[in-house]
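Q: Below are the sequence and a predicted model for it; my questions follow.
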Amino acid sequence: MKMKKMTALGLAALMTLSILTACGSAKTGDSGKTNSAKKDTLTMATSADFPPYEYMEGNDYKGIDIELSKAIADKIGVKLEVQNVPFDSIVAGVQAGKYDFGMSGITINDERKQSVNFSDPYITAVQSIIVKSDSSIADKDALKTVNKIGVQTGTTGDSDATKDYGEDKITRYTVATDAVQALMTGKVDAVIIDNKPAQEYVKANGSALKILPTAYEEEQYAAAVNKNNEDLQKKINQAIKDLKADGTVDKILAKYEANK
Ligand code: ARG
């Protein structure tokens, strides 16, 4: 099981790369400008490097956001097309009308609210710090003494770490998996990433890594929607409400052991 996961995560990195290359020819949606009521497919952008929310298993997309967005599309009565893109291009792509919405463990924050609208929140999370098991770094404050902190570009982990420890200490990775890989190979001393993915990466790497207790503020994940597409925002909110009420959200969380 451990091995299987590890391979899956390794593959996720590879897949992301190949998909990024293929991405240049991706079709451009027009939902930003027009009413999406007549569309029969919604394009959802995600960065599939973030288990248990979105990751690759072979050629398949897996994870809570993937299943939830499919369930949302079903409720709305449309098909779903998932596009795997770098995390830091999701909000901009949704804003530009390239994707109908983004679902990628995206934390609601004021900066992003200037570019996109958010659905109602569907998950809460906090940032975690991962270090090597034999590391002497014991807590958030001890990170002030290290030289290199790895983060995924454009995430709240990135902005928090930059604020707390200064630009000079931050090493940014486009793909989250690469940040964890850099920690494994000693290129960075710690990685700041959301709590559930932190747990998954630690699990996938045997006993090589550990999570430090931290005191970061709670964050809320929501879908990002183009500001001109309030119709879709409303439909997503209604779908999330229905999927919470009928137990689908709980079922998906339980499937990925993310309900506790
Ligand atoms: N919650 C964090 C943020 O919104 C990290 C999300 C990263 N998501 C991903 N699929 N890699 O910035």
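A: Nice, I can see it.
Q: Point out the residues in the stretch 1-150 of the chain that sit beside the ligand.
A: When proximity is defined as Cβ under 6 Å from any ligand atom, the stretch 1-150 of the chain approaches the ligand at 47, 49-50, 54, 87, 104-107. To be clear about C-beta, it is placed using only N, CA and C from the backbone, and glycine gets the same treatment.
Q: The closest residue to Asp189 other than its chain neighbours: what's it in contact with?
A: Spatially, and ignoring its direct neighbours in sequence, Asp189 is nearest to Val146 (4.0 Å; Cβ to Cβ, 6 or more residues apart in numbering). For Val146, the set of contacting residues under the criterion of Cβ atoms under 8 Å, 6 or more residues apart in numbering consists of 137, 169, 189-190.
Q: tell me the two of the residues of the stretch 1-150 of the chain next to the ligand that are most distant?
A: Between all members of these, the longest pairwise span (Cβ to Cβ) is found for Asp49 and Thr107 and amounts to 15.9 Å.
Q: Surely Ser159 is in a strand?
A: No. When classified by DSSP: H, G, I helix; E, B strand; the rest coil, Ser159 is found to be helix rather than part of a strand.
Q: What distance do you get for it to Ile170?
A: Separation of Ser159 from Ile170 (Cβ to Cβ, to the nearest Å): 10 Å.
Q: between the two, who's got more neighbours?
A: A side-by-side neighbour count of Ser159 and Ile170, using other Cβ atoms under 10 Å, places Ile170 first with 19 against 15.
Q: follow-up on the earlier one: could you export the residues of the stretch 1-150 of the chain next to the ligand as a markdown table, including secondary structure and pLDDT?
A: As requested, these are arranged in a markdown table below (DSSP: H, G, I helix; E, B strand; the rest coil; pLDDT from 0 to 100):
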| residue | secondary structure | pLDDT |
| --- | --- | --- |
| Ser47 | coil | 98 |
| Asp49 | strand | 98 |
| Phe50 | strand | 98 |
| Glu54 | strand | 98 |
| Phe87 | helix | 98 |
| Ser104 | coil | 98 |
| Gly105 | coil | 98 |
| Ile106 | coil | 98 |
| Thr107 | strand | 98 |
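Q: Among the residues you listed, which one lies nearest to Ala198?
A: Using Cβ to Cβ, Phe50 is the member of these that sits closest to Ala198, with 10.4 Å.
Q: For the closest one, give the beta-bridge partners.
A: Beta-bridge partners of Phe50, counted by DSSP bridges, are Glu54.
Q: just use 19 as the starting number from now, easier for me
A: Sure, I'll start numbering at 19, so the last one becomes Phe68.
Q: got the contact list for it?
A: Shown here is Phe68, whose contacts under the criterion Cβ under 8 Å, 6+ apart are 81, 105, 122-123, 194, 212, 215.
Q: again, 7 Å this time
A: Residues near Phe68 by Cβ atoms under 7 Å, 6 or more residues apart in numbering: 122-123, 194, 215.
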